[in-house]
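[1] This is a predicted model, with the sequence first.
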Amino acid sequence: MTGVYLVKKKSRLLDIMVTAALLLFIAFVTYRVSAGLSYHWDWAVIPNYLFRWDAEKGKWVSNILMQGFFTTIRLSFWSLILATLIGLVMGILRTRERLFFRLLGRSYVELIRNIPPLVLVFIFYFFVSDQIMPLLGMEDFIRSRSEAGQQWVALFFAPPSLFTSFMAGVFTVALFQGAYITEIVRAGIQAIEKGQWEASAALGLCWWQQMCFVILPQAARQVLPPLANEFINTIKYSSIVSIISIQELTFQGLQVISSTQRTIEVWLTVSLMYLLLCFSVSLLARRLELTLAVKSV
């Protein structure tokens, strides 16, 4: 008991020392920015770009930073769903016995992972804008909807005028992250013991039933931690679509900087908002991981 107490006491002391060192480093950086760069902090401008008072509605409404935050959430949400579907399908193909399926999955992974995401953004932006959307008639369909219908589209996706750019961003982020999720799914499936396949086959299950009811549920517990990391990366990579004028958080942060010249305050605020979003996903994934661990016992 004494040894355990001493270990806990040392751990607690180490935590205090690390926290103190971090606080001192932050204080030092703040001092150098203020003194060395002669930077004058002005945090008073930030709240005005988060929320504003709408005299017509008689209430506080979100301003451009919060609007960008909500756009980032929508963009990340749809990108996560599409990336997970792509990664699941391609990951399963990579584990099939037929050479064609494995080559298809391998080609996708190698092609996407070896092309910079910035290049993918431009490729898919012009491809989706010039080819896919006119072919599907999505933009005309949305513009022909009633005002209420367009409001629902704006709530869950983007305003009609930005819908094409928004979908190009979703496809780009999803395809890029889908390649990494593919490898996670492949590794999870291949980590399942061969005996599980043999036992399920002995029960008379077809391949589809084996995958759905035996293999994937077991693989899900193993791939959840790396998947959570890729989900967080998807949120962070969503900032790259600001270059095609999608009004997400990074884009709106640049707009605020150009208006206020408060560079450090704005970027710190944007970083804190990304941290809040990513940390929430991390906590949710951790809770889901614990739930699956309890159910597997």
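    Yes, it's here.

[2] what are the ranges of the helices in this protein?
    2-36, 46-50, 64-93, 99-113, 117-127, 133-136, 138-143, 147-156, 163-190, 194-202, 207-210, 216-237, 249-260, 263-296 (DSSP state H).

[3] Take these and write them to a markdown table, including mean neighbour count and mean pLDDT.
    Just so you know, the C-beta spots here come from the backbone N, C-alpha and C atoms, and that holds for glycine as well. Formatted as a markdown table, those follow (neighbours: other Cβ atoms under 10 Å; pLDDT from 0 to 100):
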| stretch | mean neighbour count | mean pLDDT |
| --- | --- | --- |
| helix 2-36 | 10 | 69 |
| helix 46-50 | 16 | 89 |
| helix 64-93 | 20 | 92 |
| helix 99-113 | 14 | 91 |
| helix 117-127 | 16 | 80 |
| helix 133-136 | 12 | 71 |
| helix 138-143 | 14 | 75 |
| helix 147-156 | 12 | 81 |
| helix 163-190 | 23 | 88 |
| helix 194-202 | 12 | 86 |
| helix 207-210 | 13 | 86 |
| helix 216-237 | 18 | 86 |
| helix 249-260 | 19 | 90 |
| helix 263-296 | 14 | 84 |
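
[4] now those as a markdown table including distance to residue 243?
    As requested, the helices of the chain are exported to a markdown table (distance: least, Cβ to Cβ, whole Å):
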| stretch | distance to residue 243 |
| --- | --- |
| helix 2-36 | 27 |
| helix 46-50 | 21 |
| helix 64-93 | 14 |
| helix 99-113 | 18 |
| helix 117-127 | 6 |
| helix 133-136 | 19 |
| helix 138-143 | 21 |
| helix 147-156 | 22 |
| helix 163-190 | 10 |
| helix 194-202 | 46 |
| helix 207-210 | 42 |
| helix 216-237 | 12 |
| helix 249-260 | 9 |
| helix 263-296 | 16 |
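
[5] could you list every residue that touches residue 199?
    Under the criterion of Cβ atoms under 8 Å, 6 or more residues apart in numbering, the neighbours of residue 199 are residue 214.

[6] how far away is the closest residue to residue 288 other than its chain neighbours from residue 218?
    Leaving out its chain neighbours, the residue that sits closest to residue 288 by Cβ to Cβ, 6 or more residues apart in numbering is residue 224, at 6.6 Å. Computed as Cβ to Cβ, to the nearest Å, the residue 224 to residue 218 distance reads 12 Å.

[7] Endpoints of stretch 89-106, how far apart?
    12 Å (Cα to Cα, to the nearest Å).

[8] what does that stretch rub up against?
    108-109, 178-179, 181-186, 188-190, 211.

[9] Try it again at 6 Å.
    Residues outside stretch 89-106 that contact it (Cβ atoms under 6 Å, 6 or more residues apart in numbering): 108, 182, 185-186, 189.

[10] Just give me the closest of the residues you listed to residue 140.
    Distances from residue 140 to the contacts of stretch 89-106, taken as Cβ to Cβ, are shortest for residue 108 (31.1 Å).

[11] mind listing what the closest one touches?
    residue 90.

[12] go with 10 Å
    86-87, 89-90, 93-94, 175, 178-179, 182 (Cβ atoms under 10 Å, 6 or more residues apart in numbering).

[13] Distance to residue 101 added to these, as a markdown table?
    Shown next, in a markdown table, are those (distance: Cβ to Cβ, whole Å):
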| residue | distance to residue 101 |
| --- | --- |
| 86 | 15 |
| 87 | 15 |
| 89 | 10 |
| 90 | 10 |
| 93 | 4 |
| 94 | 8 |
| 175 | 19 |
| 178 | 16 |
| 179 | 16 |
| 182 | 12 |
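
[14] Quick check: the gap between the closest residue to residue 75 other than its chain neighbours and residue 280.
    With sequence-adjacent residues excluded and distances taken as Cβ to Cβ, 6+ apart, residue 75 is closest to residue 238, at 4.9 Å. From residue 238 across to residue 280, the span is 15 Å (Cβ to Cβ).

[15] same question, residue 291
    From residue 291 across to residue 280, the span is 17 Å (Cβ to Cβ).

[16] that older thread, if I look at residue 224 and residue 218, which residues touch both of them?
    residue 188.

[17] got the CA positions of stretch 123-137 in CSV?
    What follows is stretch 123-137, C-alpha atoms only, in CSV (Å, rounded to 0.1, in the frame of the first residue of the first chain):
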residue,chain,number,x,y,z
ILE,A,123,-9.9,18.6,-59.2
PHE,A,124,-13.2,17.7,-57.5
TYR,A,125,-14.3,21.3,-57.3
PHE,A,126,-14.2,21.8,-61.1
PHE,A,127,-15.3,18.2,-61.8
VAL,A,128,-18.3,18.3,-59.5
SER,A,129,-19.2,21.9,-60.5
ASP,A,130,-18.8,21.4,-64.3
GLN,A,131,-19.9,17.8,-64.7
ILE,A,132,-21.7,16.1,-61.9
MET,A,133,-24.0,18.8,-60.6
PRO,A,134,-25.3,19.9,-64.1
LEU,A,135,-25.8,16.2,-65.0
LEU,A,136,-27.8,15.5,-61.8
GLY,A,137,-29.6,18.9,-62.0
